[in-house]
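A.B. asks: prediction below, plus the sequence it came from.
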Amino acid sequence: MQTSLDERCRELLIELGLSRPEDAITAKPLTGGVASDIAMVAVGGRKFCVKFALPKLKVEADWFAPVHRNAAEYAWLEVAERIAPANAVKLYGRSEKLHGFAMEFLDGNDVYLWKAELLAESSDRGEAAAVGALVGQVHAASTKADFDKQAFWNRDDFHAIRIEPYILFTASRHKDIEPELKQLAEQLYEADQVLVHGDVSPKNILFRGKGPVILDAECATMGDASFDPSFCMNHLILKTIHLPASRERYLANALEFWKAYAPLIDWEPPTALESRVCRLLPALMLGRVDGKSPVEYLSEPERGVVRQLARQFIETPVDRLETLVSRIGTALEEMKA
């Protein structure tokens, strides 16, 4: 019989020395992800966020992933804490036995979830540029000679959690562009140039004050630098389709992310990386409607628009992000007319 979330939380906190066996705890499940059990745990006047990796993700399709990915996630959070401590959570320890860890529970009047702000079409506070700069900092630091990569040789985990469900599964549903998608999958699998977070999505980014805190790094691996920018900008572009009143602003946000990220590229020619982003981003657009983890807020007509746009730029790629974003905007205006 599977151990309950309350029992796992209690066992984890005791193992990490954060509570005693006789302490009363309250565990409140948190929503938002499909790959882990997450809870806010209150004990002795303190609050913690605890997270346990799941072997089978909570989606309709069969999607399995190794639970030891929890170790790479914790290691990524440790890297972020060293590189940008103002943009990181406090960490309280990890259990190899339970495949879980405890960290600071972020709350307060100055804390908000970026996804919620985007969907509410709230005022822009420079979030996209701040996230782009933070991702660029982590990528650049991971290319230095003294960076310890040992915890991040996880390409097979990345294949299981990202490449197969987002790229290859999607390719199986679009046979005419399967060769292009398989080529992207191979590129992502073979690369090991920077520390990739793997899930730089607005749903995983809290803002505390003016600074972003990126969470949910269970896909972390040494990989292709194109993945994180493409993944994040993809979410901004999808929201331009869902929220036409904010279309111009969210398309601009995608470019703001890139303009903050690009100056930090010192491990390869920026134009080479930009070209790969322009090829990967449309594939991820398609993956969020026809992959194993479809975006929940798009209507079926909106999914059709995503398919049309994504396939167009997979079949006829461009090399500049400004060109890609401009053409997406133009195409959406033409569809509206």
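C.D. replies: Perfect, I can see it now.
A.B. asks: and this structure, what are its domains?
C.D. replies: 1-105, 108-336 (automatic domain parsing).
A.B. asks: of these, flag the one that's most buried.
C.D. replies: domain 108-336 (a mean of 19; mean count of other CB atoms under 10 Å). All C-beta atoms are positioned from the backbone trio N, CA, C, and that covers glycine.
A.B. asks: would you mind checking the average pLDDT for it?
C.D. replies: Averaging pLDDT along domain 108-336 gives 96.
A.B. asks: quick one: distance of it to the chain centre.
C.D. replies: In terms of CA atoms, centre = their mean, to the nearest Å, the centre of domain 108-336 is found 8 Å from the chain centre.
A.B. asks: straight-line length of it, end to end?
C.D. replies: Start and end residues of domain 108-336 are separated by 40 Å (CA to CA, to the nearest Å).
A.B. asks: quick check: closest non-adjacent residue to residue 299.
C.D. replies: The shortest distance from residue 299 to any residue other than its chain neighbours is 7.9 Å, reached at residue 242 (CB to CB, 6 or more residues apart in numbering).
A.B. asks: nope, residue 283 is what I was after
C.D. replies: When the adjacent residues along the chain are set aside, residue 283 lies closest to residue 184, with 5.4 Å between them (CB to CB, 6+ apart).
A.B. asks: my guess is the one you found contacts residue 281. True?
C.D. replies: No: counting by CB atoms under 8 Å, no contact exists between residue 184 and residue 281, whose distance comes to 10.5 Å.
A.B. asks: coming back round to it: name the SS class of the residue nearest to residue 283, please.
C.D. replies: The three-state assignment at residue 184 reads helix, by DSSP: H, G, I helix; E, B strand; the rest coil.
A.B. asks: do residue 42 as well
C.D. replies: Three states are possible here, and by three-state DSSP the one that applies to residue 42 is strand.
A.B. asks: helix or strand: which one has the closest residue to residue 88 other than its chain neighbours?
C.D. replies: Of all residues beyond its chain neighbours, the one nearest residue 88 is residue 81 (4.1 Å), with distances taken as CB to CB, 6+ apart. Using DSSP states H and E, the secondary-structure element containing residue 81 is helix 69-83.
A.B. asks: in a strand, residue 50, correct?
C.D. replies: Yes: remark: residue 50 belongs to a strand, assigned using three-state DSSP.
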